[in-house]
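Trainee: Fold the following.
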Amino acid sequence: MARIFFSSGLAPYTGGVESIDIDAPRVSELLQAVREQFPALTEPLALMSIAVDGVIYQHPDYVGLDATSEVHLVPRISGGA
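Mentor: So this is what the prediction gives:
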């Protein structure tokens with residue numbers, strides 16, 4: 001099962017849960033399971049990038065997961081001139 005980690009800024013949406021294990025073949029299924037378990041995360045998830053095993057993805061839907069995958073939600077950074 002992949003483990004997804006929630007930053008402290010997401011604690012109000014998860015009831016303080018810091019991480020959960022989810023059996024999902026790809027990020028899209030993992031995020032769907034997260035939305036089902038924590039419906040309040042639906043909007044914040046739209047503003048996040050996803051890091052899978054240390055690699056940040058802007059559009060990770062089809063990134064594969066395995067039993068040792070670690071997934072982190074990362075706030076998107078914008079800026080520049």
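
Trainee: tell me which residues form a beta bridge with the most centrally placed residue in the chain?
Mentor: In the chain, the C-alpha nearest the mean C-alpha coordinate belongs to residue 73, at 4.3 Å (C-alpha atoms, centre = their mean). Beta-bridge pairing for residue 73 (DSSP bridges): residue 50.

Trainee: shouldn't it be in contact with residue 10?
Mentor: Yes. At 6.6 Å, residue 73 counts as touching residue 10 under the criterion of C-beta atoms under 8 Å. In this view, the C-beta of every residue, glycine as well, is placed from N, C-alpha and C.

Trainee: This protein: helices as residue ranges?
Mentor: Ranges of helices in the chain, per DSSP state H, are 11-14, 27-37, 42-46.

Trainee: Okay, now the unreliable bits of this protein?
Mentor: For the chain, the stretches flagged by pLDDT under 70 are 78-81.

Trainee: could you redo the last one with a cut-off of 90?
Mentor: Under the criterion pLDDT under 90, the flagged ranges of the chain are 7-9, 46-49, 57-59, 74-81.
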